[in-house]
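*Asks:* below is the sequence, then the predicted model.
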Amino acid sequence: MFASRTSLRTSDVVVRVAIVALALATGYIHYTLGGLLFTLNAVGYAVAAVAMVIPLALAVRFRWVIRLGLIGYAATAIVMWAIQGPYYSTAYIAKAIEVALIVLLAVDFARHDGNPAAVVRRELAAFGNLVARRGTAAAGA
């Protein structure tokens with residue numbers, strides 16, 4: 001259920017703590033704005049922050065998906081704000097936090113997972129092997 005201990009360097013821990021802090025900070029800003037859309041956005045950031053550090057084996061195994069998902073989530077928030085506003089000082093602070101979050105997530109992804117295309121190819125190959133094994137086992141049963 002829980003992942004085995006992995007060796008993280010001090011710099012890895014600092015980057016993860018910064019990612020969680022930035023996600024919670026922008027989530028808090030959205031939460032204080034009220035309304036359903038902002039509240040759901042805050043909940044999304046909180047869930048992503050927890051997913052970045054929870055030691056469950058599934059979360060550790062697919063941390064790369066969490067990183068990419070959080071990058072997409074923050075980028076979507078920025079684009080939607082650019083389309084519909086409102087343009088006031090707190091919004092600019094939230095967007096700066098989200099840009100910093102995207103940068104740190106990209107750094108964390110590059111340090112732990114490498115090239116995104118290689119990660120996707122590796123996962124597709126693992127999935128293909130899993131399907132082939134199950135097909136062989138089903139045929140032999």
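*Replies:* Now that the structure is in, tell me what you want to look at.

*Asks:* contacts, neighbours, all on C-alpha from now
*Replies:* Will do.

*Asks:* check what pLDDT the residue nearest to I29 when sequence neighbours are not counted gets.
*Replies:* Of all residues beyond its chain neighbours, the one nearest I29 is A94 (6.8 Å), with distances taken as CA to CA, 6 or more residues apart in numbering. Per-residue pLDDT puts A94 at 96.

*Asks:* run through who's touching the host helix or strand of A94.
*Replies:* Element membership of A94 [criterion: DSSP states H and E] is helix 89-112. Applying CA atoms under 8 Å, 6 or more residues apart in numbering, the contact partners of helix 89-112 are 12, 15-16, 18-19, 22-23, 25-26, 29, 64, 67-68, 70-71, 74-75, 78.

*Asks:* any of these buried? List them.
*Replies:* Buried subset of the contacts of helix 89-112 (neighbour count, 16 or more other CA atoms under 10 Å): 16, 18-19, 22-23, 25-26, 29, 64, 67, 70-71, 74-75, 78.

*Asks:* closest to L124 out of these?
*Replies:* W64 (13.8 Å; CA to CA).

*Asks:* so that closest one makes contact with N115?
*Replies:* No: distance between W64 and N115: 10.8 Å, which falls outside the contact criterion (CA atoms under 8 Å).

*Asks:* quick check on G85: phi, psi?
*Replies:* phi 70, psi -160 (degrees, to the nearest 10).

*Asks:* ok, it to I78 distance?
*Replies:* Distance, G85 to I78, by CA to CA, to the nearest Å: 10 Å.
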